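Build me a model from this:
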Amino acid sequence: MCRSNLFTDPYEELDAAVKRFIAGTRTSSPSALEIGDAIVRTQGLIDALRLKLARDAARFAATDEWERQGFTSPVAWLTNECHMKPGEAGDAICVGDKADSLQHSVEAMGTGRVGFAHVALLARTAETVQESGAQLDELRLLRKAEAQSPHQFRRDCAHARHAADAAAFQKRQQQCADERFLEVRSLGGDDGGIWVKGFIDDVGGATLRAALEPLARRLGADDDRPRGRRMADALVEMAAYTLNTAGRGATHCQVPHLQVTTTLETLIGAPGAPGGEMEGCLPISTAEVQRVACSANVRRILLDPESLVVDVGRARRVPATATRIKVEQRDRGCVWPRCRRQVRWTEIHHCEHWVHDGKTEEGNMVLLCFKHHNDVHLRGWQIVRVAGEREVLAIPPVPLGDPTIRINADMSLGDAGMVAPCSMAAPGRAREHSPQRRRPALRRERSAHASLRDARIPLTTFASPGASST
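Numbering: from 1, shown residues only. Okay, here's the model as predicted:
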């Protein structure tokens, strides 16, 4: 008997204990309050077991056993052998790798202050931050995790990744945007119809939801359409409205559709700044904030450290109607070489961004379609106006794809009949972005409110007259 106890399989003991536990709880008749307490305690036990599995998964991933068994990766082995989703398998390995360096978080999970999902987010963030050469402030993030659900905590982790390496954050966000696709296929048959399949990144998804959800609301108490049907109807309605109004709207008016909130540091591209906040999606990169702000109405709101409003400024960044008409008549569509997008599918682009004292006037603005506006702000392209020509000279990024490198703004263009490049360079990389050329009003504002360390500028984005995404 003693010898048998020495070699008892601990997993058999655990299995037997779990079965006894389940059988014991089935015979009871708890109240709703007791059921809720039981759920919380059960999840705590599950999290403890998931941490054990994560440590084992990390040790297994460090071997070549998964390869010897014919799998392409440790994640593939876990997915097949443990019936896990790929994301769950990746989280398990990451948590197991980082558990020893996240002792505070592991201890917090053991006492029930956070769950395994929080620890997985912290581990992923630690991995990304350390790859950039920075150190994760675990305790600061842990305090936020204790007060939020995992879904809410994702935002703080995204801000930490952006502050550690804004360029890498922007690159990943752009990779997601580049993976957008949409397939629309005819089903044929007697009933016809089309089949729609696609993927849209978080930023694009926020824009799509902002457009569809107001049209997908129930139209009264007798509207019994399920949400999926209402969203499909909204998509058809939006397409019909665009065709019926030529993309300009019935009254060609400006209506609010998205709101972006950003710190001043993020807006000017200061190192270590957090990402911007766009309603309906995770934090967005500095380059994305600058792209949205380029053709948006902006309202300056100063907040104190307790997020109480101290001062509210006026909302004005888009051109007046008369100015917009002049630019439309001059450019007659997207000015990118060989682009044939008509005026109604273009957006106003500030050649010198208003963050850097650019004026919202005809001489500083051109029309760009949605794709080419993104190329300038997010992919590192520059545009240079050529005297007497409608189209601009488009200069590719060097090296390709790096939005932080620009051709020197001091280069001589006078002999070629050109004016200064239209671009958004990173701070410190070009003369127009030096601290001496920042808006004097912003410098005075920062001086007057030096004690407001959490000052933020919400950017309320409105649809510019005639502008539409493609």
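
in the protein, which spans are strands?
With DSSP state E, the ranges of strands along the chain come out as 181-186, 194-199, 256-263, 277-278, 299-303, 309-315, 346-350, 365-369, 382-386, 392-395, 418-422, 456-462.

With only the CA atoms kept, save the first one in CSV.
Taking C-alpha atoms only, strand 181-186 is exported to CSV below (Å, rounded to 0.1, in the frame of the first residue of the first chain):
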residue,chain,number,x,y,z
PHE,A,181,-9.3,42.3,-48.6
LEU,A,182,-12.9,42.0,-49.7
GLU,A,183,-14.4,39.4,-52.0
VAL,A,184,-17.8,39.8,-53.6
ARG,A,185,-19.0,36.8,-55.5
SER,A,186,-22.2,36.0,-57.3
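
tilt between that strand and strand 194-199?
170 degrees (axes from the mean of the first three to the mean of the last three C-alpha atoms, to 10 degrees).

Name the residues that touch strand 181-186?
192-200 (C-beta atoms under 8 Å, 6 or more residues apart in numbering). Every C-beta, even on glycine, is put in place using the N, C-alpha and C of the backbone.

Strand partners (parallel or antiparallel) of it?
Pairing partners of strand 181-186, with direction, according to DSSP bridges: strand 194-199 (antiparallel).

Give the buried residues for the partner strand.
If you call a residue buried by 16 or more other C-beta atoms under 10 Å, then strand 194-199 has no buried ones at all.

now swap in stretch 77-84 and tell me
77-79, 84.

next one: stretch 220-234
So for stretch 220-234, counting by 16+ other C-beta under 10 Å, buried means 230-231, 234.

Save those as CSV, and put in distance to residue 223 too.
Shown next, in CSV, are the buried residues of stretch 220-234 (distance: C-beta to C-beta, whole Å):
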residue, distance to residue 223
230, 8
231, 13
234, 13
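
In helices only, show me those.
Assigned to helices by DSSP state H, the following of these qualify: 230-231, 234.

returning to what we had before: out of the buried residues of stretch 77-84, who's nearest residue 329?
Set against residue 329, the nearest of the buried residues of stretch 77-84 by C-beta to C-beta is residue 79 (58.4 Å).

Distance check, that closest one against residue 94.
Separation of residue 79 from residue 94 (C-beta to C-beta, to the nearest Å): 15 Å.

Report the contact partners of the nearest residue to residue 55 once chain neighbours are set aside.
Closest residue to residue 55 apart from its sequence neighbours, by C-beta to C-beta, 6 or more residues apart in numbering: residue 96 at 4.6 Å. Residue 96 makes contact with 54-59, 61, according to C-beta under 8 Å, 6+ apart.

Only the buried subset of these, as a PyMOL command please.
A single PyMOL command selects the buried members of the contacts of residue 96 (16+ other C-beta under 10 Å):
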select buried, resi 54+55+57+58+61
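
just to revisit the earlier point, turn the buried residues of stretch 220-234 into CSV, columns for pLDDT and distance to residue 376.
Putting those into CSV (pLDDT from 0 to 100; distance: C-beta to C-beta, whole Å) gives the following:
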residue, pLDDT, distance to residue 376
230, 90, 37
231, 92, 32
234, 87, 31
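
ok, the residues you listed vs residue 172, which is closest?
Residue 172 lies nearest to residue 231 out of the buried residues of stretch 220-234, by C-beta to C-beta, at 27.8 Å.
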